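Enquirer: Kindly generate the corresponding structure for this input.
(one chain, ligands or ions: 1)
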Amino acid sequence: MFVAGIRSIDRVRGGGWLDCPNCHEHASQDVVDEMRFLALLGYRFTPFARRRVLVCRRCGFRRPAEAEMPVLNTGGRRLQRAWLVPVGLLPFAVLAAGTLFVVNRHPPSIEDVLSFTRDTAEPVAPVSLRRPLSWNASPQTDSPPPSYTVSDPTQRMVITLRRITDSDSLAQLLANHYMDDNGINDSGVPTSTPATTTVKIAGTTGLTLHFTYTSTGEPAQTALYAFFHDGIGYTLSYVARGQAQFDTLRAVSDTMNASLSFTGTETPAPCPSPSPSPSASPSPSTGASPSPGAKPSSSPSPSLAVGVTPSPTFPAFATSPQPCAGGQATAIPSPSGTPKP
Ligand SMILES: [Zn+2]
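Expert: Have a look, this model is predicted:
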């Protein structure tokens, strides 16, 4: 049984009369193109050879045609020639072209378009992440909550990591802070917390939500992630203004979220000072050595050195779910007591 290899096929391309050199009769002769194909299981991929022969209808004698072609009397009919074109390969060529098209149509990774660099969110948080190299990145610890912001040069895509200590649960974190990026120029912002989805981020399980609105007349959207680390809450928001930015920022968020990792444990939040004067906290407090409540291995990273003063590195505000350093707190201040700018 024929499986794969070379297959010979005759194509009768015409005929005529001449004196057969074998049977010596003036007999009808077939002009045959012997085609040789590469074939597999009966499928002919491509012809690769063609040889023209004459076949005597009377005696069946087969011989190369060249010598006798001039004396062949075809009665005026033209002889065609068999095609030597790889018709059998056409479906494969179409398939290959189609595959190439699909492959090229597949959206390129954002990293083909934007260069990323590894950065740290310190001093806001012991967080390492990858961000677009050409975008601005700035930490901010002057007003609560401390935040690390990455934005594209046009400021139409803004990513903000906030370190938040006023929430005890993911749900509370989102409910309290899903509108942190929205202001008076935005309309149509949901009035209650949008539906959330569980997500893996920064080596932990967090929640994410997403909503769209209008920002100075343009479509805008916020994708927000919330997670905890060592009792400290974090929100990470991706705000895109203008429909054209939505897909880009979503691709950037895929890369950034996947790259997000904590490089150290949290510095315990400082105890709220009884006198909420801002100048009071940075004073070198004698009781600022690692608190009794802190884990022994609380400072593996050099940037979180032992004996760090509580406030300047990772400021915390209001109530914190984790034990505070210093231990001189007398009462938990109400959230409304938090100084707000
Ligand atoms: Zn013959």
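
Enquirer: In stretch 24-35, which residues are buried?
Expert: Using 16 or more other C-beta atoms under 10 Å as the test for burial, stretch 24-35 gives 27, 29-35. (Glycine included, C-beta is placed from N, CA and C.)

Enquirer: pLDDT on that stretch, on average?
Expert: For stretch 24-35, mean pLDDT rounds to 93.

Enquirer: what residues does it touch?
Expert: 8-20, 47, 49-59, 62, 65, 68, 72, 79, 81-82, 84 (C-beta atoms under 8 Å, 6 or more residues apart in numbering).

Enquirer: circling back: and which of the buried residues of stretch 24-35 is nearest to the ion?
Expert: Ala27 (5.1 Å; C-beta to the ion).

Enquirer: and the contacts of stretch 24-35, which of them are in strands?
Expert: 8-19, 47, 49-56, 62 (DSSP state E).

Enquirer: ok, and of these, which contact the ion?
Expert: When contact is defined as C-beta under 5 Å from the ion, these meet the ion at Cys56.

Enquirer: Sort out which of the ones in strands among the contacts of stretch 24-35 are buried, if you could.
Expert: The neighbour count (16+ other C-beta under 10 Å) marks 11, 14-16, 18, 47, 52-56 as buried among the ones in strands among the contacts of stretch 24-35.

Enquirer: Of the residues you listed, which pair is most distant in space?
Expert: Using C-beta to C-beta, those span at most 27.3 Å, a distance reached by Leu18 and Pro47.

Enquirer: secondary structure element for Ala96?
Expert: For Ala96, the enclosing helix or strand under DSSP states H and E is helix 90-105.

Enquirer: From the ion, how far off is Leu249?
Expert: 82 Å (C-beta to the ion, to the nearest Å).

Enquirer: Assumed that residue was part of a strand.
Expert: No: using DSSP: H, G, I helix; E, B strand; the rest coil, the assignment for Leu249 is helix, not a strand.

Enquirer: Could I get the contacting residues of it?
Expert: Here Leu249 is in contact with 157, 159, 223, 238-240 (C-beta under 8 Å, 6+ apart).

Enquirer: The protein against the ion: which residues are in contact?
Expert: 20, 22-23, 56, 58-59, 61.

Enquirer: Neighbour count and distance to Phe92 for the contacts of Leu249 - can I get that in TSV?
Expert: As requested, the contacts of Leu249 are exported to TSV (neighbours: other C-beta atoms under 10 Å; distance: C-beta to C-beta, whole Å):
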residue	neighbour count	distance to Phe92
Met157	22	44
Ile159	25	46
Ala223	19	43
Tyr238	24	44
Val239	23	48
Ala240	27	43
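
Enquirer: Those in helices, which ones?
Expert: Nothing among those maps onto helices, per DSSP state H.

Enquirer: These in strands, which ones?
Expert: 157, 159, 223, 238-240.

Enquirer: any idea how far the ion is from Ser109?
Expert: Distance from Ser109 to the ion, by C-beta to the ion: 71 Å.

Enquirer: Pull the contacting residues for that residue.
Expert: Taking C-beta under 8 Å, 6+ apart as the definition, contacts of Ser109 comprise Ala251.

Enquirer: Check it and give its pLDDT.
Expert: Taking Ser109 on its own, its pLDDT is 80.

Enquirer: From Thr263, how far out is it?
Expert: Look at Ser109 and Thr263: by C-beta to C-beta, to the nearest Å, they are 25 Å apart.

Enquirer: Mind checking what secondary structure the closest residue in space to Asp230 that isn't next to it in sequence has?
Expert: Sequence neighbours aside, Glu266 is the residue nearest to Asp230 in space, at 3.8 Å (criterion: C-beta to C-beta, 6 or more residues apart in numbering). Secondary structure state of Glu266, per three-state DSSP, is coil.
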